[in-house]
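J.: 3D model of this:
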Amino acid sequence: MPYLKETFPKKERIEEFLRALDPYKEETDNQKIIDNFTKIYIKMVKEDYQNQYNNTNKQIVNFLEKEDDGVKIIWGNCFEVMRGMKSESIHCIVTSPPYYNAREYTQWKNLDSYLDDMRMIIREAYRVLDNHRVFVFNVGDIFDNDNISTTSTWGKRRIPLGAYFTNIFEEEGFTFVDDFIWDKGEVQSERHKNGNKPYPFYQYPANCYEHILIFHKHRNDIVRYPCPICGCLKVNGNAYSEIGLKSWECKNLDCFKRSKANRGKRFSLKTIMTQGRQEEKYAIEKDFIKKWRRDVVKINPVIKINSKGENILGHTAPFPAVIPEFAIKMFSYPNEIVLDPFGGSFTSVIAAKQLGRIGVGIELNKKMFRKSSMQNLKKSLQPQLFNNININISEIDLV
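T.: Below you'll find the model as predicted:
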């Protein structure tokens, strides 16, 4: 009780916690008792943290929490939409942003204004992403004018968006983990070839790769968590296992498991999540792990133009389904929420649903992309994929 009072200072919260345990008072399986105690405790700690944020939008929250078929489309500005979400309510984020001035619908005055907008979005994404979770971010370096020094054509240069974004992510609290290089294969373009000038300083490579950047969120959470072995809250703070990832050591001498040196279980909120789900049903296929064992991965670009010259996806910049598939399999569990802030053709939402998650996609350009995107969703989520059950696509319009 002293430890509960430390975590839940308000008497009514402790009473609510104890009431939530009532259904398990007759349980005789020790592990089930501990698991339920821990689950309820973590849930209520999360609720108290979420209640510190006062700008949630009830319409958005209700839409996200409503039980449906797990295919949720939000038409609106992703920054404004995420501002209306609960803190730490998303379990995985995977996206590819609009590239600076690469399309007619993605235009900025200069590179600084573009990066400022992206920073605000990444800052909000940090807040809504659950603690100790992962953001997978696909971006390519581009050749363009940053429009900072000059707007003349001689101001065009290679702009290392991957480097700029990595810096922004870390400044906004994320930890850089990995940079997978998406090898797009043989270059077809003749740009920069300068075949008539085979001399020094005239030869430059054509861009044939993109980054798949992996970032962890580790918000420094000093709340005391129960030992996953005995459920006791008599734990002491232990060394940090990563930046912002606080760990604990059980000090209950009657714990069911202690080391040869009589030390208690050492754990963190992250290990409670990961070690408690090391079951066959959560296992990733060996071939899939092998494919992503190296950080240079060959992925064919999406074919969006058919033989008739028609855009079959209706979007000018779709990214391959294998990228969200990688993010979802590697960094989430079934029934969790996967968010793509720049929905586009909603490839991430489709992959999430097909892998048993709840897919949420945000897209600003409803007028431009809705018809083609909805066709893509319905075509991809065919009834036979889900035992002949028709999939309903839930939408909300905030444009």
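J.: Sketch out the low-pLDDT regions of the protein for me.
T.: For the chain, the stretches flagged by pLDDT under 70 are 188-193, 303-317, 383-389.
J.: how about 50 then?
T.: Within the chain, the stretches with pLDDT under 50 are 305-306, 310-312, 315.
J.: Quickly list the domain ranges of it.
T.: What automatic domain parsing lists as the domains of the chain is 1-52, 58-217+280-397, 229-275.
J.: How are the helices of this protein distributed by residue range?
T.: Under the criterion DSSP state H, helices of the chain are mapped to 2-7, 11-21, 30-50, 58-65, 78-83, 111-128, 161-171, 269-275, 286-291, 322-331, 347-354, 366-380.
J.: Save those as CSV, and put in distance to S152 too.
T.: No exception for glycine: its C-beta is placed from N, CA and C like everyone else's. Listed next are the helices of the chain as CSV, based on distance: least, C-beta to C-beta, whole Å:
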stretch, distance to S152
helix 2-7, 61
helix 11-21, 63
helix 30-50, 50
helix 58-65, 44
helix 78-83, 32
helix 111-128, 15
helix 161-171, 21
helix 269-275, 50
helix 286-291, 45
helix 322-331, 36
helix 347-354, 37
helix 366-380, 30
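J.: deepest of the ones you listed, which one?
T.: Counting by mean count of other C-beta atoms under 10 Å, helix 347-354 has the highest mean neighbour count of the helices of the chain, with a mean of 26.
J.: quick one: it to helix 322-331, angle?
T.: 50 degrees (axes from the mean of the first three to the mean of the last three C-alpha atoms, to 10 degrees).
J.: Packing partners of helix 347-354?
T.: On a contact count with 3 or more C-beta pairs under 8 Å, 6 or more residues apart in numbering; DSSP states H and E, helix 347-354 meets strand 71-75, helix 322-331, strand 337-340, strand 358-363, helix 366-380.
J.: Need the residue closest to the centroid of this protein.
T.: With distances taken as C-alpha atoms, centre = their mean, the chain has I93 as the residue nearest its mean C-alpha position (1.6 Å).
J.: And the residue lying closest to that one once chain neighbours are set aside, how close does it get to R123?
T.: Leaving aside its sequence neighbours, I93 sits nearest to F135 (C-beta to C-beta, 6 or more residues apart in numbering; 4.5 Å). Distance, F135 to R123, by C-beta to C-beta, to the nearest Å: 12 Å.
J.: same check, this time on I181
T.: 27 Å.
J.: ok so, going back, bridged to the residue nearest to I93, which residues?
T.: In this entry, F135 is beta-bridged to I93, F215, by DSSP bridges.
J.: State the distance from it to F201.
T.: Per C-beta to C-beta, F135 is found 39 Å from F201.
J.: what's the answer for N57, then?
T.: For N57, the distance to F201 equals 55 Å [C-beta to C-beta].
J.: ok, the two, which is more surrounded?
T.: Counting neighbours by other C-beta atoms under 10 Å for N57 and for F201 shows that N57 has the greater number, 16 against 7.
J.: How about that one, nearest residue that isn't a chain neighbour?
T.: Setting aside the residues directly before and after it, N57 is nearest to G84 in space (C-beta to C-beta, 6+ apart), at 2.8 Å.
J.: swap in F346?
T.: Using C-beta to C-beta, 6+ apart, the closest residue to F346 is G361 (4.5 Å).
J.: Who does the one you found form a beta bridge with?
T.: Applying DSSP bridges, one finds that G361 bridges with I73, D340.
J.: My guess is it contacts G343. True?
T.: Yes - assessed by C-beta atoms under 8 Å, G361 is found in contact with G343 at 3.2 Å.
J.: Report how many residues lie close to K298.
T.: Counted by other C-beta under 10 Å, the residues lying close to K298 total 11.
J.: D69 too?
T.: A count of nearby residues for D69, using other C-beta under 10 Å, gives 16.
J.: Check P205 too.
T.: P205 has 11 neighbours, counted by other C-beta under 10 Å.
J.: Please apply the same query to the one 3 residues further on.
T.: By the other C-beta under 10 Å criterion, the neighbourhood of C208 contains 15 residues.
J.: Please name the residues that touch it.
T.: D183, K184, G185, E186, V187 (C-beta atoms under 8 Å, 6 or more residues apart in numbering).
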